[in-house]
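# For reference, the sequence and a predicted model appear below.
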Amino acid sequence: MDKLAEHLFESAPDTPFRIDRPTLVAVRLSEFWIRMEDHFGAGYARSVAHDHVLQALGGRTVDQALAAGIPAKQVWRAVCAEFEVPARKR
């Protein structure tokens with residue numbers, strides 16, 4: 001995993017991102033999908049994101065939460081809790 005992307009993802013605030021920083025948002029979102037695919041596999045990650053409703057995200061799916069502006073870091077934490085993602089992958 002790219003150490004810079006990992007650092008940016010881990011040190012990101014839990015507040016929504018400002019529009020004037022699209023590159024940083026893209027990095028965080030890209031890192032989110034790398035982690036999803038690493039844990040679930042490329043095909044199943046998209047299925048989980050589209051179909052599985054997480055109560056920690058207000059009864060939303062991952063896709064709905066990201067579209068609603070919930071930060072990728074917060075969504076990833078909800079996924080980790082729901083699916084008991086091992087600490088080494090968090």
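Structure's in. What do you need?
# how near is the nearest residue to His50 once chain neighbours are set aside to Arg28?
Take His50 and drop its neighbours on the chain: the residue closest to it by CB to CB, 6 or more residues apart in numbering is Asp63, 5.3 Å away. All C-beta spots, glycine's among them, are computed from the backbone N, C-alpha and C. Per CB to CB, to the nearest Å, Asp63 is found 16 Å from Arg28.
# So if I had to pick from the two, which one is more boxed in?
Taking other CB atoms under 10 Å, Asp63 and Arg28 do not tie; Arg28 has more neighbours (19 against 15).
# From what I see, the more buried one and Ala72 are in contact.
Yes - counting by CB atoms under 8 Å, Ala72 is a contact partner of Arg28 at 4.8 Å.
# Report the contact partners of Trp33.
For Trp33, the contact set (CB atoms under 8 Å, 6 or more residues apart in numbering) comprises Ala45.
# Now do the helices for the protein: every range, in order, please.
For the chain, applying DSSP state H gives helices covering 3-10, 22-40, 42-51, 62-67, 72-83.
# Could you list the low-pLDDT ranges of this structure?
1-27 (pLDDT under 70).
# Could you rerun that using 90?
Scanning the chain for pLDDT under 90 picks out the ranges 1-28, 43, 86-90.
# can you list the helices of the chain in TSV and add distance to Lys89?
Formatted as TSV, the helices of the chain follow (distance: least, CB to CB, whole Å):
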stretch	distance to Lys89
helix 3-10	11
helix 22-40	6
helix 42-51	12
helix 62-67	16
helix 72-83	8
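# Out of those helices, which is closest to Arg90?
helix 72-83 (5.2 Å; CB to CB).
# quick one: contacts of the closest one?
For helix 72-83, using CB under 8 Å, 6+ apart, the contacting residues are 9-10, 12, 14, 28-29, 31-32, 35-36, 39, 48, 52, 54, 56-57, 62, 65-66, 85, 89-90.
# Report the distance from it to the chain centre.
6 Å (CA atoms, centre = their mean, to the nearest Å).
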